[in-house]
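J.: Fold the following and give me the result.
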Amino acid sequence: MNGADVIEIAQASIWVLIKVASPVMFVALIVGLSIALVQALTQVQEMTLTFVPKIMAIFLSLLMLLPFMGQTISDFMVLITERIIGLG
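T.: Presented below is the predicted three-dimensional model:
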């Protein structure tokens, strides 16, 4: 395995990380911004108000996106396993 192969695998792993983590982070961002907007409009400055809706939204998005995440990680693992087998 040369340096180009290592860089290619590292790049693929970073893309898998971005594909898996981005949807959940996007949901958390949207929920956080919408709650912050509501707090700014109603002048309610309660710090703990953002946690429960954000946690629930993240939990629900994880439940809905779990098949996609599992398939993406599984495909990447198959790719890595094939590369390892190809070395031997």
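J.: Secondary structure element for the residue nearest the centre of the chain, which one?
T.: With distances taken as Cα atoms, centre = their mean, the residue of the chain nearest its centroid is Ala21 (0.9 Å). Assigned by DSSP states H and E, Ala21 falls within helix 3-42.
J.: Then Lys54?
T.: helix 51-87.
J.: so where's this protein shaky on pLDDT?
T.: For the chain, residues meeting the criterion pLDDT under 70 lie at 88.
J.: What are the buried residues along the helix holding Ala21?
T.: For helix 3-42, a neighbour-count test (16 or more other Cβ atoms under 10 Å) marks 16, 20, 24, 27, 31, 35 as buried. For glycine as for every other residue, the C-beta is placed from the backbone atoms N, C-alpha and C.
J.: what does stretch 45-55 give?
T.: Quick answer for stretch 45-55 (16+ other Cβ under 10 Å): 50, 54.
J.: Just checking the distance from that stretch to the centre of its chain.
T.: Taking Cα atoms, centre = their mean, to the nearest Å, one finds the center of stretch 45-55 at 21 Å from the center of the full chain.
J.: How far does that stretch stretch from one end to the other?
T.: Taking Cα to Cα, to the nearest Å, the first and last residues of stretch 45-55 lie 19 Å apart.
J.: got a list of contacts for it?
T.: The contact list for stretch 45-55, computed with Cβ atoms under 8 Å, 6 or more residues apart in numbering, reads 28, 31-32, 35-36, 39.
J.: now with 10 Å?
T.: 27-32, 34-36, 38-39 (Cβ atoms under 10 Å, 6 or more residues apart in numbering).
J.: follow-up on the earlier one: spit out the contact partners of the residue nearest to the centre of the chain.
T.: Ala21 touches Met69, counting by Cβ under 10 Å, 6+ apart.
J.: same question, Leu63
T.: Shown in contact with Leu63 (Cβ under 10 Å, 6+ apart): no residues.
J.: For Ala57, see how far away it is.
T.: 11 Å (Cβ to Cβ, to the nearest Å).
J.: Could you do Phe51 as well?
T.: 11 Å.
J.: Alright, that wraps it up for me.
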